[in-house]
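Asker: Quick check, what structure comes out for this input:
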Amino acid sequence: MKEKYPEKFVKVEYALRHIDSGDRIFIGSGCGEPQYLVRKLIELHGEIHDTRILHIQNLGIAPYTEEKFGDTFRLNCFFVDDNSREAVGECRADYTPMHLSNIPRLFKKKIISIDVALIQVSPPDEYGYFSLGINVDIVKSASESADIVIAQVNSYMPRVLGDSFIHARDIDFIIPYDEPLPEFSPPVPTRLADRIAKNVRRLIEDGATIQVGYGDIPDAIIKKLDDKKHLGVHSEMISDGIIDLMEKEVIDNSKKTLHPGKTIASFVMGSRKVYDFVNNNPAIELHPTEYTNDPFIISRNYKMTAINTAIEIDLTGQVCIDSIGHRFYSGMGGQADFMRGAALAENGRPIIVMPSTAQNGKKSRIVPHLQQGAGVAITRGDIHYVVTEYGVAYLHGKSIRERALALISIAHPKYREWLLEEAKKYNMVYRDQILVEGKGGIYPVELEKYITTKDGTKVLLRPITPPDEELLREMFYHLSDETIYKRFFGVKKYLPRQQLHELANVDFTKNMAIVAVLESEGKEEIIGVGRYGLDENTNSAEVALVVRDDWQGKGIGTALLKHLTNIAKRRGLYGFTADVLADNRVMLYLFEKMGYDMDKEWRNGICHLRMFFK
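Answerer: Residues are numbered from 1 along each chain as shown. Presented below is the predicted three-dimensional model:
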């Protein structure tokens, strides 16, 4: 290489002297930052003035943000991180909010021109191509748009495949310098992160293509996927967790509709183990963000499941991801890109995850309205799933009233009453809307289970939630007069709103209501309900069931009763009681075949059952 391009191999000081006052200098991203070049760049302090530094996230060194270098360098970052947060907060640095998919266009159209690009590459192959290694993201477009490209060639940088190469002829100065790459270790998942991960887990189907961000919650989610099958990856980032799932063959990309057999991303962030794994690995490709983050490209993945974190969400579904009020905390990144792409994909699932509170429980992240100064990164028209440690809320296609109820039901219990009162004040919900009660207000996710009916249909059995009011209403109007009569012991033409409130709001510490749900691309239908109410005097519970007419005879009632029985047994109840019309032979047979010890008493055409668990 030196023989073919001797003029490119110069001392680093000579290469950096091509930087003039007023220039825009791009610095390679994340763990791929050319740290040696940055340290040498700082030595130009006093020789040049008023330059602009451009980067996304920087996990290496960022001395140019220090106040003492203010006359020489000013950072303009596309993502606010630990290295830049203080400087941006004090206006010693700038933040430009942009979706990652759009940043390359700024460079190529010279809306933001780049005079010098400082990048880091792997050693070249025999054809003169250097790999951009673990950070292709916007580095490739920056290199192609810059007037001068200075590359640190580092043998520690892995050669990663994909649209990730730059030829020697396109590099102006080549600076060989070996040094270990920065490594990123995500925080150990907390118990809270683990609870959120359990709620997210059921939303990820076998054969899905996933995108997961970084942090303790995304890392906890990845650790919960060991029993999934044939997952694929189309993401911004590859981390240790993704590599672990590839080694376990949970991720094999075999069901992907775009790039089958390949893990696709734009950068790598992790430990040395990850860097070694991606080196020359044909199962992994990195591409620029204008490709990986293009919502149209993302949407071509079947079952695309995008999982991203947020700072705050209001009761209408507006999501803030980059600021805490007026204080910029992170960045736009690719979250909106992936949320929109997943929403457009066939059977796609865009998911926002976050703890229910901030500041050690002092502040709710679910709020009546966003803080003053907070930006809306994901609009109320784009939101689909929201997950906290208290459950899952599905908002897409729902009214403001339904959204408010759904979000309040997954908020921290100590803020639910306040949120409900605020929702009433702003006329988001009924003035007589009631609030779910129960110790801790915790949704019992452990009681969720899937069953398969006699005709092979997959049905979810789960505890009822306040947002199910509308689904209960829809189910009621699908019941025949005969079914209504047998369930309610009389003619009933409609369900009063107050009764709907009461049916959907259950104190799970005393009572239980399980709904049988059909799921289809985010839409849910309730086709059956089983519930019991505790009698504390006898330590037994009155049980009742109803199944939609078109689903009767398929095992739904049996499954609901078995599930309720198992729950009641685990909670130490002695048995059930029930009142059944004498001519309701199907329901009588259902109770009889459960094998309870049973007493019957007939009065006025009604069979009073006392059933004792064995």
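Asker: alpha carbons only for contacts and neighbour counts from here, please
Answerer: OK.
Asker: Outline the domain layout of the protein.
Answerer: 6-176, 191-433, 445-612 (automatic domain parsing).
Asker: any chance of the ones you listed in CSV, with distance to residue 183 too?
Answerer: Output for those, formatted as CSV (distance: least, CA to CA, whole Å):
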stretch, distance to residue 183
domain 6-176, 7
domain 191-433, 5
domain 445-612, 35
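Asker: who's in contact with residue 525?
Answerer: Applying CA atoms under 8 Å, 6 or more residues apart in numbering, we find residue 525 in contact with 471, 475, 517-519.
Asker: Where strands are concerned, which of those count?
Answerer: Counting by DSSP state E, the contacts of residue 525 place 517-519 in strands.
Asker: Got a ChimeraX select line for the buried ones in those?
Answerer: To isolate the buried ones among those in ChimeraX, judged by 16 or more other CA atoms under 10 Å, type:
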select :517,518
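Asker: picking up where we left off before, looking at the contacts of residue 525, spot the one nearest residue 250.
Answerer: Distance to residue 250 across these (CA to CA) is lowest for residue 519, with 24.0 Å.
Asker: any idea of the pLDDT on the closest one?
Answerer: At residue 519, the pLDDT value in this model is 88.
Asker: The strand ranked longest in the chain pairs with which strands, and in what direction?
Answerer: Scanning the chain for the longest strand, with DSSP E as the assignment, gives strand 523-535. Applying DSSP bridges, strand 523-535 is found paired with strand 512-520 (antiparallel), strand 540-547 (antiparallel).
Asker: Can you name the secondary structure element that comes next after the last one?
Answerer: If I follow you right, that is strand 540-547. Counting by DSSP states H and E, the next helix or strand C-terminal to strand 540-547 is helix 556-570.
Asker: any residues touching the very next helix or strand once past that following helix, and which ones?
Answerer: Sequence-wise, the next helix or strand downstream of helix 556-570 (DSSP H and E) is strand 575-581. Applying CA under 8 Å, 6+ apart, the external contacts of strand 575-581 come out as 486, 489, 539-544, 568-569, 587-588, 605-613.
Asker: Point out where the stretch 451-600 of the chain drops to low pLDDT.
Answerer: 522 (pLDDT under 70).
Asker: which residues sit in contact with the spatially most central residue of the chain?
Answerer: Residue closest to the average C-alpha location in the chain (CA atoms, centre = their mean): residue 307, at 2.2 Å. For residue 307, the contacting residues are 210-213, 218, 350-353, by CA under 8 Å, 6+ apart.
Asker: Which ones among the residues you listed map onto helices?
Answerer: Using DSSP state H, the subset of these located in helices is residue 218.
Asker: Dump the contacts of residue 307 to a markdown table, plus pLDDT, neighbour count and distance to residue 525.
Answerer: Shown next, in a markdown table, are those (pLDDT from 0 to 100; neighbours: other CA atoms under 10 Å; distance: CA to CA, whole Å):
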| residue | pLDDT | neighbour count | distance to residue 525 |
| --- | --- | --- | --- |
| 210 | 98 | 25 | 26 |
| 211 | 97 | 27 | 28 |
| 212 | 94 | 27 | 28 |
| 213 | 83 | 19 | 31 |
| 218 | 91 | 25 | 29 |
| 350 | 96 | 27 | 20 |
| 351 | 97 | 25 | 20 |
| 352 | 97 | 24 | 23 |
| 353 | 97 | 23 | 24 |
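Asker: export the contacts of residue 307 to TSV and tack on distance to residue 302?
Answerer: Listed next are the contacts of residue 307 as TSV, based on distance: CA to CA, whole Å:
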residue	distance to residue 302
210	10
211	13
212	16
213	19
218	21
350	13
351	16
352	19
353	21
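Asker: from the chain's centre, how far out does stretch 289-298 sit?
Answerer: The chain centroid and the centroid of stretch 289-298 are separated by 18 Å under CA atoms, centre = their mean, to the nearest Å.
Asker: Let me see the mean pLDDT of that stretch.
Answerer: 97.
Asker: same question, stretch 55-71
Answerer: Across stretch 55-71, the average pLDDT comes to 90.
Asker: Regarding that stretch, how distant is the last residue from the first?
Answerer: Terminal residues of stretch 55-71 are spaced 19 Å apart (CA to CA, to the nearest Å).
Asker: now stretch 510-526
Answerer: Its start and end residues considered, stretch 510-526 measures 23 Å (CA to CA).
Asker: Thanks a lot, catch you later.
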